[in-house]
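>>> 3D, please:
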Amino acid sequence: MPLAEITYAPHADESLLFQLRSALLYLVSPAVECPEEPYDGDLQPGDVDLRFRPRGPLDGGGLDVVIEVRSKWYESRAADRQRRVDQLHERIGAATGLADFGVYLSLPVAAWAQGD
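Numbering: from 1, shown residues only. As a prediction, this is how the structure comes out:
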C-alpha cells in the first residue's frame, strides 16, 4: 500500500487541496504498480493512504505543495523509479493545474499488514 504525505503552504487554496486529494487517490497506485503489487483500478480500503499536513512556521521549502510517496521496495519498482515519479508529477499537474509542486518517491524495504 502506498502512503502519500502532502505538505502544503499556508496560502494553499482548500478547494485545490480537495481536488489534489481526489486526483491522488487514482494516480498514486498506478504510479507504483508492479507485478508483485498489481493495480486493478478498483480502489479498496488500504490501497492508498493520503495524509495532508500544513507547513508549519519552522518548516522550510519554497514549493506550494510537496508530495512524498512511500511504497514498499521491489526490484521491478525501483528499476524505473525516476520514470514513475516524472510521470506522476506530470499527471498531477495535468489533473489539478498545480505548477509549483514537487513529488518525492521513496521505496523503503518495508512490510505491510491490515485487517479485514
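>>> Tell me the span between the first and last residue of stretch 59-67.
Terminal residues of stretch 59-67 are spaced 15 Å apart (Cα to Cα, to the nearest Å).
>>> and that stretch, which residues are buried?
Of all the residues in stretch 59-67, those buried under the rule 16 or more other Cβ atoms under 10 Å are Asp64, Val65, Val66, Ile67. Any C-beta I mention is one placed from the backbone N, CA and C, and that applies to glycine too.
>>> packing partners for the helix or strand the last one falls within?
Secondary structure assigned from DSSP states H and E places Ile67 in strand 65-70. Counting by 3 or more Cβ pairs under 8 Å, 6 or more residues apart in numbering; DSSP states H and E, the packing neighbours recorded for strand 65-70 are strand 3-8, helix 14-32, helix 81-96, strand 101-106.
>>> mind checking how far Val65 is from Thr96?
Val65 is 9 Å from Thr96, where distance means Cβ to Cβ, to the nearest Å.
>>> unless I'm mixing things up, Asp100 is touching Val65, no?
Yes. Counting by Cβ atoms under 8 Å, Val65 is a contact partner of Asp100 at 7.3 Å.
>>> which ones are touching Gly102?
Applying Cβ atoms under 8 Å, 6 or more residues apart in numbering to Gly102 gives the contacts Leu63, Val65, Val66, Ile67, His89.
>>> so what pLDDT did it get?
On pLDDT, Gly102 comes in at 97.
>>> for Val109, same thing?
Here, the pLDDT recorded for Val109 equals 76.
>>> how about the buried residues of stretch 59-67, which pair is most distant?
Distance extremes for these: the farthest pair is Asp64 and Ile67 at 11.0 Å, using Cβ to Cβ.
>>> Report the set of residues contacting both of these two.
Shared contacts of Asp64 and Ile67 (Cβ under 8 Å, 6+ apart): Phe101.
>>> need the contact list for Val65.
By Cβ under 8 Å, 6+ apart, the contact set of Val65 is Ile6, Thr7, Tyr8, Ala9, Ala12, Leu20, Leu98, Asp100, Phe101, Gly102.
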